[in-house]
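A.B. asks: need a 3D model of the following:
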Amino acid sequence: MPPSHHGGSAALLSDADLEVMLARAAEEGARRALSDVGLGGRDAVLTIHDMRSLFVWMPPGLQGRFAF
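C.D. replies: Predicted coordinates:
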């Protein structure tokens, strides 16, 4: 990867470091997005499970309109 120049100094970032940085950014973005819709924190898994279990009670014609 060629050096990136910003403000007169060169910054080198290895492919492995870039992968780690991107993975962390994606994870943080996903956490923020879930939190923005009220699904942040430790109870998010239970909340999503509860929401999915509601579809068991839906009439079959409506179940196909929602994908999980």
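A.B. asks: C-alpha only now, for contacts and for neighbours.
C.D. replies: Noted.
A.B. asks: what about residue 13, distance to residue 19?
C.D. replies: Noted for residue 13: a distance of 10 Å to residue 19, by C-alpha to C-alpha, to the nearest Å.
A.B. asks: where does this protein dip in pLDDT?
C.D. replies: Counting by pLDDT under 70, the chain shows low-confidence ranges at 1-10, 58, 61-68.
A.B. asks: quick one, helices of it?
C.D. replies: Assigned by DSSP state H, the chain shows helices spanning 15-36, 44-54, 60-63.
A.B. asks: okay if I get those as TSV plus mean neighbour count?
C.D. replies: What follows is those, written out as TSV (neighbours: other C-alpha atoms under 10 Å):
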stretch	mean neighbour count
helix 15-36	12
helix 44-54	12
helix 60-63	10
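A.B. asks: against residue 40, how distant is the residue positioned nearest the centre of the chain?
C.D. replies: Closest residue to the average C-alpha location of the chain: residue 30 at 2.5 Å, with C-alpha atoms, centre = their mean. To residue 40, residue 30 is 10 Å away according to C-alpha to C-alpha.
A.B. asks: can you check residue 14 too?
C.D. replies: 32 Å.
A.B. asks: look at these two and report which has more neighbours.
C.D. replies: residue 40 (16 against 10; other C-alpha atoms under 10 Å).
A.B. asks: so how far is residue 22 from that one?
C.D. replies: 21 Å.
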